[in-house]
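J.: please find the sequence and the predicted model below.
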Amino acid sequence: MLSLEDQNIYRERYRQQHPGWRPATEVYAAAVRAALQPDSRILDTGCGRGGLLEQLDHLPAQAVGLDPDWASLVEHRIPTLPRTAGWSDALPFAPASFDVVCASWVLEHLENPQETFAAAARVLRPGGRFIFITPNGRHPLAWANRLLGGLGRLQGRLVERLYGRAAADTFPTYYRANDHRRLQALTATCGLKLTALHAVPDPTYLAFSGWMYQLACRLEKRLPAGRHIHLVGVAAKPEADGAIYPISFGVEV
């Protein structure tokens, strides 16, 4: 079994071997920080038990978490965070309510992603950002996961055995918003503009042993840059005058 602790040890090893590299979660958090102002309103969709908001140095004045899983909301590690049960494709908020909407490991599970992108665009203020982290649908592991998806409950048991993650926390994956072409189309359809999309390598998902880690490193090295395992993206809603101002979050992959 590959525990999260062991995986993080390999991540630090990879960081030392590749100066300037950061895990996708750090790149994602940096993108969110770059988009926030002290008075910003942020919505964390698929907030789970913590995740992104725990990585921010200071929570904005107004932060809200949303997740369809009631148990995760009850067990959230920021007990003072306002949070509600709901789905990303039907956000229970008024138009123009937030400056930043985040989606952590959500897009890969969407059967109809256009509804989620449209909902995010609706609740964003002019100049707001929809920021997401998701697996790259063009990576070989995503292809393997598609095949495993046809195994139903067996997929959940396999993930539990390999990574120690409860089968109940393994959800169906569709990968319908997980490559550059689809993301460009989805954002454009909903009145957003994809201003940044970074593919971040991470060989640790196959690091069940030292030799498998080395093999995974070679795989990541051979892949074209746009096919690395994780995607971190930013989609902007135009300002009232139609202008779009990209944000910089110092990506080095």
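T.: In hand now; what should we look at?

J.: just the pLDDT for Ala225.
T.: Looking at Ala225, its pLDDT stands at 88.

J.: burial measure for it, as a count.
T.: Ala225: 9 surrounding residues under other CB atoms under 10 Å. No exception for glycine: its C-beta is placed from N, CA and C like everyone else's.

J.: ok, and the closest non-adjacent residue to it?
T.: Ala199 (6.1 Å; CB to CB, 6 or more residues apart in numbering).

J.: where does the one you found land in three-state SS?
T.: strand (DSSP: H, G, I helix; E, B strand; the rest coil).

J.: ok, the one 5 residues further on next?
T.: Local secondary structure at Thr204 is given as helix here, using three-state DSSP.

J.: which residues touch it?
T.: 7-8, 10-11, 14, 213, 216 (CB atoms under 8 Å, 6 or more residues apart in numbering).

J.: make it 6 Å
T.: Applying CB atoms under 6 Å, 6 or more residues apart in numbering, one finds that Thr204 lies in contact with 7, 10-11.

J.: how about low-confidence regions in this structure?
T.: 148-170, 251-253 (pLDDT under 70).

J.: tell me where the longest strand sits in it.
T.: strand 124-135 (DSSP state E).

J.: among the contacts of Thr204, name the ones in helices.
T.: 7, 10-11 (DSSP state H).

J.: which parts of stretch 235-245 are buried?
T.: 235-237 (16 or more other CB atoms under 10 Å).

J.: out of these, which comes closest to Asp44?
T.: Asp44 has its nearest neighbour among the buried residues of stretch 235-245 in Ala235, at 16.0 Å by CB to CB.

J.: and the strand or helix carrying the closest one, what other elements does it pack with?
T.: Here Ala235 sits within strand 230-236, counting by DSSP states H and E. Under the contact criterion of 3 or more CB pairs under 6 Å, 6 or more residues apart in numbering; DSSP states H and E, strand 230-236 touches helix 24-35, strand 124-135, strand 193-200.

J.: angle of whichever helix or strand Ala120 is part of against strand 230-236?
T.: Using DSSP H and E, Ala120 sits in helix 113-123. Interaxial angle, helix 113-123 versus strand 230-236 (axes from the mean of the first three to the mean of the last three CA atoms, to 10 degrees): 40 degrees.

J.: check which residues of helix 113-123 are buried.
T.: So helix 113-123, judged by 16+ other CB under 10 Å, has buried residues 113-114, 116-123.

J.: save those residues as TSV, and put in distance to Glu220 too.
T.: Listed next are those as TSV, based on distance: CB to CB, whole Å:
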residue	distance to Glu220
Pro113	26
Gln114	31
Thr116	29
Phe117	29
Ala118	34
Ala119	34
Ala120	30
Ala121	33
Arg122	37
Val123	36
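
J.: ok, so of the residues you listed, who is nearest Arg146?
T.: The closest of the buried residues of helix 113-123, once distances to Arg146 are taken by CB to CB, is Pro113, at 15.6 Å.
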